[in-house]
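Asks: Using only what follows, build the 3D model:
(one chain, ligands or ions: 1)
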Amino acid sequence: MRYEMMLPHQIQWAIKERWPIVLPLGVLEYHGEHMAVGMDTLAVVKLLEILEAEMDLVILPAFYYGASSYAVEPPEGNGSVQVNADRLFPFAQDLFRALLRIGFRNIHFFIHHQTENFAAGMPTDLAFKFAARQTIFEFLEKERGEGWWGSDQMADYYSQQASGDDPFNWIKGHPLMTPEIIQQYPFDHAGQGETSLLMALCPEGVDMRKFSAKKWYSRSAEHASAELGAKGRDLILEHMRQVLGAPKGAP
Ligand SMILES: [Zn+2]
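Replies: Residues are numbered from 1 along each chain as shown. You can find the predicted model right below:
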């Protein structure tokens, strides 16, 4: 379901049933002459739309205004929008604070921008990860008071953590492509991998008549195909199903 279309009784149901609520997180960034600037975020949105048909899921309106950086090209005439991570951090805190107050405890974000080494992190995902941690601490302290972790009710904390059910799992961030997927599918910027993926997910976002081989990073897009993109799509969907859990109608 789209969050913006939900009625309060549906929101209450989604909370009660612990439906995953997912933020598509991304940027607007120059992706060569042949691809739409929304590529990184569009990929997340389109994949979530496929999953929405097969599982109970809440999709938040996408956030496109991450830290694209001007590392690839300057913005003039190219379209990249850079918002500093120190601006993203308070935004993400407010967003997570609001979602926790509404009652959600199964919150996720997916990002596909500078995520080739997600464990180390890059400005956009680090801002959202940091905000998630800070907000959970703040929320628990407000709700349960100082000393909440040391209280007897938390005696099973470490076993809960092992089963993935501790409060720090209330908000989780994921790269769209895991290291395992990257071993099987090309990870690039505006190259064969991304171009193929967008051809499969959102063909109107690609125009190969505009392709230029001038820049090293997008040169491999020459070999892009919707067939290869479909392979990437299926690998990613499998990973998303794993982290988001149960199919539609499951208890
Ligand atoms: Zn990209």
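Asks: Mind giving me the packing neighbours of the lengthiest helix in the chain?
Replies: If you go by DSSP state H, the chain has its longest helix at helix 123-144. On a contact count with 3 or more CB pairs under 8 Å, 6 or more residues apart in numbering; DSSP states H and E, helix 123-144 meets strand 21-25, helix 85-102, strand 107-111, strand 171-175. From N, CA and C alone the C-beta is placed, and that goes for glycine too.
Asks: Show me what the longest one is packed against.
Replies: What that stands for is helix 85-102. Where contact means 3+ CB pairs under 8 Å, 6+ apart, helix 85-102 is packed against strand 107-111, helix 123-144.
Asks: Taking strand 21-25 as reference, get the angle to the shortest one.
Replies: Right, the one you point to is strand 107-111. 20 degrees (axes from the mean of the first three to the mean of the last three CA atoms, to 10 degrees).
Asks: What of the last one?
Replies: Taking the same axes, to 10 degrees, one finds helix 123-144 and strand 21-25 inclined to each other by 150 degrees.
Asks: one step back: and the helices and strands packed on helix 123-144 as JSON lines, adding mean neighbour count, mean pLDDT and distance to the ion?
Replies: Below are these laid out as JSON lines (neighbours: other CB atoms under 10 Å; pLDDT from 0 to 100; distance: least, CB to the ion, whole Å):
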{"stretch": "strand 21-25", "mean neighbour count": "26", "mean pLDDT": "98", "distance to the ion": "13"}
{"stretch": "helix 85-102", "mean neighbour count": "17", "mean pLDDT": "98", "distance to the ion": "18"}
{"stretch": "strand 107-111", "mean neighbour count": "24", "mean pLDDT": "97", "distance to the ion": "11"}
{"stretch": "strand 171-175", "mean neighbour count": "22", "mean pLDDT": "96", "distance to the ion": "12"}
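Asks: Including distance to M122, could these go into JSON lines?
Replies: Formatted as JSON lines, those follow (distance: least, CB to CB, whole Å):
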{"stretch": "strand 21-25", "distance to M122": "12"}
{"stretch": "helix 85-102", "distance to M122": "9"}
{"stretch": "strand 107-111", "distance to M122": "9"}
{"stretch": "strand 171-175", "distance to M122": "10"}
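Asks: and the longest helix of the chain, which residues are buried?
Replies: Neighbour-count burial for helix 123-144, counted by 16 or more other CB atoms under 10 Å, picks out 123-132, 135-136, 139-140.
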